[in-house]
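[1] pasted the sequence and its predicted model underneath.
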Amino acid sequence: MKNLRNGGWLSSWCAFISSALNVLFDRLAPEGDLIKMFRTRKNGVELLEKLKSTLLGLQAVLSDAENKQASNQFVREWLNGLRQSCWNGILPALMLSYNDLPPHLKRCFAFCAIYPKDHEFFKDQVIYLWIANGLVKQFCLGNKYFDELRSRSLLERVPESEWKSEGFVMHDLINDLAQTASSKHCIRLEENEGSADMLEQSRHMSYSRGEDGHFEKLKQLSESEQLRTLLSTNDYYSLNHISKRVLHNILPRLTSLRALSLSCYYIKELPNDLFIKLKILRFLDLSRTMIEKLPDSICVLYNLETLLLSSCQYLEELPLQMEKLINLLHLDLTNTYRLKMPLHLSKLKSLQMLVGAKFLVGSSGGLRMEDLGEVQNLYGSLSVLELQNVVDRREAVKANMKEKEHVEELYLQWSDGSSAYDSQTEREILDELYPYTNIKRLEITGYRGAKFSNWLADPLFLKLVKLSLSECKDCYSLPALGQLPCLKFLYIRGMHGIREVTEEFYGSFLYSKKPFNSLEKLEFRDMAEWKQWHVLGIGEFPILEKLSIKMCPKLMGKLPENLCCLTELSISDTSLFDDAQLFRSQLEGMKQIEVFFINDCNSLTSLPFSILPSSLKRISISGCQKLKLEEAVGYCDMFLEELRLHACNYIDDISPELLPTARKLSVESCHNLTRFLIPTATESLTIQDCENVEILSVAVDSAVTYLYIRNHEKLKCLPEIHLFNLQLLMISNCKKVVNSRKEWCLQRLTELVIRHDGSDEGIQHWQLPCSITRLAIKNLKTLSSQVLKSLTSLQYLYVEGNIPSLVEQGGLPSSLSELHLHNHDELHSLHLSHLTSLIHLHIFDCPNLQSLSESALPSSLSELTIFYCRNLQSLSESALPSSLSHLTIIDRRNLQSLSESALPSSLSQLNISDCPNLQSLPVKEMPSSLSKLDIRRCPLLEPLLEFDKGKYWQNIAQIPILYINGFLITIRKVLQLLAQLVKGKFCCNSLLNRQQLQCGRDRKVYEVSVRLISEMEVVVAIGDAFLSSAFDVLIDRLAPQGDLLKMFRKHKNDVELLKKLKLTLLGLQAVLTDAENKQASNQFVREWLNELRHALRWEGGAGHIVINGTKYQLNQAHWHSPSEHTINGRRFDLEVHLVHESEDGKTAVVGIMYKIGRADSFLSMIESDLKALAHTKNVERKIGIIDPKKVKLGSRKYYRYIGSLTVPPCTQDVVWTIVRKVRTVTKEQMKLIREAVHDESETNSRPVQATNKRTIRLYRPNDPKE
């Protein structure tokens, strides 16, 4: 190798190779793990995961080194020639594990190759598919086979949680092994498109769902007479359209199908003759579709064994001739809320498993308890509703609940009724509803007895992890739950009859374990008469992490002692602080507490911070009207991430000696506060609605970089001389602060936001810092154009209200790249051609803008949005620049037409909505570059655009993505973009499968966006050439005579071989250091390289966001108050929408609803940036890198439906995910969000809309990789 050119450079490569493998060996083999894996021939899941992480991390840096260094053609040839050596060496070794399997397990394992990598699947579904394809005869036998594969580490369990059931995945290397073992009989369509031989050999096939209707993708299967399984893989997070041509023309031809999955499709009905030719079908999955009625032809499927209808929320009835399905073994009806339990199911004599049954007792058309008792094949979840209709114990006995051993989730519900009832009878009824001990989750709602049954406390419930008792208003005592061995989550709500929580709650003292030995989360809520909590003091709740006590106004006394694992304590509307000294002593025992919320506790008069645990990171105090701050006694070593004081009217003075050190400090609605001395260590400061503050000062130079002040009419000035580090300043309704100055002495200021609703005399000749890059202003009418032109670094400008200087030609700085004009009544025309850097222009509610002239827009413009400019009647032929790629026109009442040459040839997306008088489109001159056309609520255009009939159809049919009123009608396949192995920008954590939350720019004037992660130049990229070459060298050195394979086969350790391996692995640090030196100018690369060294031990985390194989980037987040969705008719205080968009323009929105309560941790993290947005509506902010885990959705249960955006342009076919769990925010957080998105108004939500027959489903995904 020394004879090659550039020998010194090549030496670095050699060092890099050997050192890379040295680290790999040291990380995997110090405890003999690698040897152990070889010896046992089994695949250690943790070890494989370490291997995978190591490979990915090394690939990233090494590929970058290749890009920087491999100009040498000899090295490039060497790398390219050795690329496959790594996998050629690994797979034969893994095949040894496969070869040890008995034949029946080999067949079952090979079938699992149908699943893509990282796809999470359910155990039951896999077994159903095995049965359908004759690999297994009975479910119990399939269950045994599955467990055997799992015991050999071929299948990896994804743990269940409070909200998620158990799922499984295959490690990537095991997935490759399954592909090899399947001998091309099980394939993924996307990996074999265009390969006629592969498609002809395959018997079982999966494909990823998308939005193109799948006709182009699946039409190549129309002659596949041998195909046995066709499975659409999905992540349970979205619905997709499927072409009618697939349902009518392709599927009926696949006459050999044994198993068919159409899950998660936007299917309302199926062709009535679809199943006539599929008579040998044994497995049919229609779960999570919008289907309302099954076709009668399904009853001719005499061989059907499995029918999955879970989460078909619009399904109202089953075919009356279902009894013809004489071989039906498994039926899943989970979450089919509209479907009443069909009486004729009893005629299905072969039925062995009924999952997700729901029994409505005694109501109109309801069932009897004896009907429930006769069904012995219930699995999964079981809901028994309307139990107030059960007359007595004898009727309850007929349900035979103890015999239903496969039910894992049980919901018992009594509804409010006017009929009289007897408490003892109710107790006897509940006694007879004693479930089998396999139960995992139990919820009892509305129970009307005075006391619970003893069976709730049975320690034989070895799998019960979650228990919820709600609205049982007549109960006067709680069951003895303390000895439930696995209970992790306990919720007790609305129990108005409880006055004391007594020793009975902890269970019998005969047991050796401490009470509530496994409990992690405990919540008491809405306990109006609860006065006392009896504490044992014997170490109860030993691992409790979260304790919440809310709306318990009479509760006094002690909490459990020595909660040593407690990390979060939330107290709201209680009297626990009446004995302040007692409560302080209890806090001292909470050694790991990090979060402390106190709300509406009027008995709290003092809280010396010096006595609180130093582990605290966040404290929020709200509505404590009698609280006064006290100077710390002794040294206070507490350093808080965040401190909030809200609505504490006894506080009249704030100074550093009264508060602990806090990085973020927020003081709101403290109406008697008059003086505020800023703590020097505070970086983010918010002061709002403290209208009597007259003095805001700081003793020495402050660390504040963010300052938000709002509604302080008495405040005259800012201590600018000491705000040396201030970068972002937001001022709202502080008249004296604004009007009393001519110069802003803030030399590091980069962003200024001013909302001013009073007179603005004296600001005409302001001198603003030239460092400002982002400026948002409202109602500063006298601001001169000279002030704006002096801002030579200005890139972003948001203007609301009339500013005459904007009308002047040349009145804006040429550095602008984004401009928002909002509510400008005096704007008649635009003169922006001199803005040669302008890329994004948004014009909103400028009623007197009548036309866009040829010179109105700059040649650099890429995106133009025109919203509610009602007098703009037309676009001239040359008004739009040739650079324009995105054009959005919304709510232009007078727009009648677009001229034939109005659209530039560069246009890729055209969106038009709410233009009722628009009569024509220039379809003959549509740019060939147009990839998406979206027309909504333009009634005169709709007939012209009708599918296959309209006048314009032939002209627009070739546009890849075409939406008319929200419906995707173009079937043409959208070509998938191939991922590049090497790119210049790369999120440094993605190689570890951590989710990158990066918002694109929000270019819509009616939404507010938050940038969650700043763009960063990271030169590393995923590549495999260098790493594979390194392994190639390893294999060439060790395995020319099959040494490596011999080592795998041996039962003893080959010491010499291992020594040879380790010698080959020397020197990684040298070249890592070399690579680092070449890249060290970028701080992110430094951080990434440091992390890489620890990445070898990193496990788990989130990957990139993928829905059905399509990557969605998080573009923006916006809030509505009150919520725009309701759950069970209830509207909540706040709702956040996380809007995601794919590369081809598809939209998916995640909605989270909030009610008033404790602070939301994620909103707290971005508080300062939200405050910035409170003044700007459309300002984007760079926040930095945020760990996605901190979003904390709080629930794996969610509602799913296909709808539209709730803000203009009200885009249709949006995949909505509404998190079922309603999170909490404080009143001040909601107020902040409200200000950020809708000025001073009380609401920014549209009225609650009807569902209009949309399917809304409740899902329980198994931790989807999305």
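    Yep, that arrived.
[2] number of residues surrounding residue 792?
    Applying other Cβ atoms under 10 Å, we find 11 residues neighbouring residue 792. Glycine gets a C-beta too; all of them are placed from N, C-alpha and C.
[3] from residue 837, how far out is it?
    Note on residue 792: its distance to residue 837, by Cβ to Cβ, to the nearest Å, is 12 Å.
[4] what sits in contact with each of the two?
    Listed contacts common to residue 792 and residue 837 are residue 815; contacts here mean Cβ atoms under 8 Å, 6 or more residues apart in numbering.
[5] might one say that residue 502 is in contact with residue 477?
    Yes: using Cβ atoms under 8 Å, residue 502 is in contact with residue 477, at 6.9 Å.
[6] who has more neighbours out of the two?
    residue 477 (17 against 14).
[7] look up how far residue 412 lies from the more buried one.
    Distance of residue 477 to residue 412, given as Cβ to Cβ: 19 Å.
[8] tell me the secondary structure for residue 616?
    Under DSSP: H, G, I helix; E, B strand; the rest coil, the three-state class of residue 616 is coil.
[9] how about it, what does it touch?
    Residues in contact with residue 616, defined by Cβ under 8 Å, 6+ apart, are 593, 594, 595, 596, 638, 640.
[10] mind doing that once more with 7 Å?
    593, 594, 596, 638, 640 (Cβ atoms under 7 Å, 6 or more residues apart in numbering).
[11] and residue 130, backbone torsions?
    The phi/psi pair for residue 130 (degrees, to the nearest 10) reads phi -60, psi -50.
[12] where does it land on pLDDT?
    On pLDDT, residue 130 comes in at 95.
[13] and for residue 1088?
    For residue 1088, the predicted pLDDT is 34.
[14] what about the stretch 151-300 of the chain, any weak spots by pLDDT?
    The stretch 151-300 of the chain contains residues with pLDDT under 70 at 160-165, 191-199, 210-217, 222-223, 235-238.
[15] so what's the residue count around residue 206?
    Other residues close to residue 206 by other Cβ under 10 Å number 21.
[16] where do the helices sit along the stretch 101-250 of the chain?
    Here the stretch 101-250 of the chain has its helices, by DSSP state H, counting those that start in this stretch, at 103-111, 123-132, 139-151, 172-181, 196-201, 215-218, 244-245.
[17] which one of these lies closest to residue 416?
    Proximity to residue 416 (Cβ to Cβ) singles out helix 123-132 among the helices of the stretch 101-250 of the chain, at 36.1 Å.
[18] which residues does that closest one contact?
    With Cβ under 7 Å, 6+ apart as the test, helix 123-132 has contacts from 108, 111-112, 136, 139, 142-143, 146, 168, 229, 258-259, 282-283, 305-306, 330.
[19] change it to 8 Å
    With Cβ under 8 Å, 6+ apart as the criterion, helix 123-132 contacts 108, 111-112, 114, 136-139, 142-143, 145-146, 166, 168, 229, 231, 258-259, 282-283, 285, 305-306, 308, 329-330, 355.
[20] can you flag the buried ones in these?
    Among these, those scoring as buried are 108, 111-112, 114, 136, 139, 142, 145-146, 168, 229, 231, 258-259, 282-283, 285, 305-306, 308, 329-330, 355 (criterion: 16 or more other Cβ atoms under 10 Å).
[21] of these, which belong to strands?
    168, 229, 231, 259, 283, 285, 306, 308, 330, 355 (DSSP state E).
[22] got a list of what the closest residue in space to residue 416 that isn't next to it in sequence touches?
    Among residues not flanking residue 416 along the chain, residue 446 sits closest, at 6.9 Å (Cβ to Cβ, 6 or more residues apart in numbering). Contact analysis of residue 446 by Cβ under 8 Å, 6+ apart lists 388, 413, 414, 415, 416, 470, 471, 472.
[23] quick one: low-confidence parts of the stretch 351-500 of the chain?
    Scanning the stretch 351-500 of the chain with the threshold set as pLDDT under 70 gives 363-366, 417-420.
[24] quick one, phi/psi of the nearest residue to residue 724 once chain neighbours are set aside?
    Distance criterion Cβ to Cβ, 6+ apart; nearest residue to residue 724, sequence neighbours excluded, is residue 701 at 5.1 Å. When read as degrees, to the nearest 10, the backbone of residue 701 gives phi -60, psi 130.
[25] residue 701 touches residue 722, doesn't it?
    Yes: counting by Cβ under 8 Å, residue 701 touches residue 722, with 5.4 Å between them.
[26] which of those two has more neighbours?
    Between residue 701 and residue 722, counted using other Cβ under 10 Å, residue 722 has the larger neighbour count: 17 against 12.
[27] what sits against the closest residue to that one other than its chain neighbours?
    Nearest residue to residue 722, sequence neighbours excluded (Cβ to Cβ, 6+ apart): residue 698, at 4.5 Å. Neighbour list for residue 698: 677, 678, 680, 704, 719, 722, 723 [criterion: Cβ under 8 Å, 6+ apart].
[28] burial check on the nearest residue to the first one once chain neighbours are set aside, number of neighbours?
    Translated: residue 677. Leaving out its chain neighbours, the residue that sits closest to residue 677 by Cβ to Cβ, 6+ apart is residue 655, at 4.2 Å. By other Cβ under 10 Å, the residues close to residue 655 number 15.
[29] over to residue 123?
    19.
[30] what score does it have for pLDDT?
    Listed pLDDT for residue 123 reads 89.
[31] likewise residue 889?
    The per-residue pLDDT of residue 889 was computed as 90.
[32] please report how far residue 842 lies from residue 332.
    48 Å.
[33] what about these two, which has more around it?
    residue 332 (26 against 22).
[34] how about the more buried one, what does it touch?
    Contacts of residue 332 (Cβ under 8 Å, 6+ apart): 287, 307, 308, 309, 310, 355, 356, 380.
[35] just the buried residues of stretch 823-830, please?
    For stretch 823-830, burial by neighbour count (16+ other Cβ under 10 Å) applies to 823, 824, 827, 830.
[36] give the closest residue to the third one in space, chain neighbours not counted.
    Think residue 827. residue 846 (4.6 Å).
[37] that neighbour: neighbour count?
    By other Cβ under 10 Å, 23 other residues sit near residue 846.
[38] sec struct for it, please.
    Assigned state for residue 846: coil (three-state reduction, three-state DSSP).
[39] I'd say it and residue 825 touch.
    Yes: the criterion here is Cβ under 8 Å, and residue 846 meets it with residue 825 at 7.5 Å.
[40] ranges for the helices of the stretch 251-400 of the chain?
    Using DSSP H, counting those that start in this stretch, helices in the stretch 251-400 of the chain cover 369-374, 393-397.
[41] quick one: list the elements packing against the longest one.
    This means helix 369-374. Of the remaining helices and strands, those touching helix 369-374 by 3 or more Cβ pairs under 8 Å, 6 or more residues apart in numbering; DSSP states H and E are helix 393-397.
[42] off-centre distance for the helix it packs on?
    45 Å (Cα atoms, centre = their mean, to the nearest Å).
[43] and the next element down the chain from it?
    strand 407-413 (DSSP states H and E).
[44] okay, angle between the next helix-or-strand element following that following strand and strand 407-413 too, please.
    On the C-terminal side of strand 407-413, the closest following helix or strand by DSSP H and E is helix 423-431. Inter-element angle recorded for helix 423-431 and strand 407-413: 160 degrees (by axes from the mean of the first three to the mean of the last three Cα atoms, to 10 degrees).
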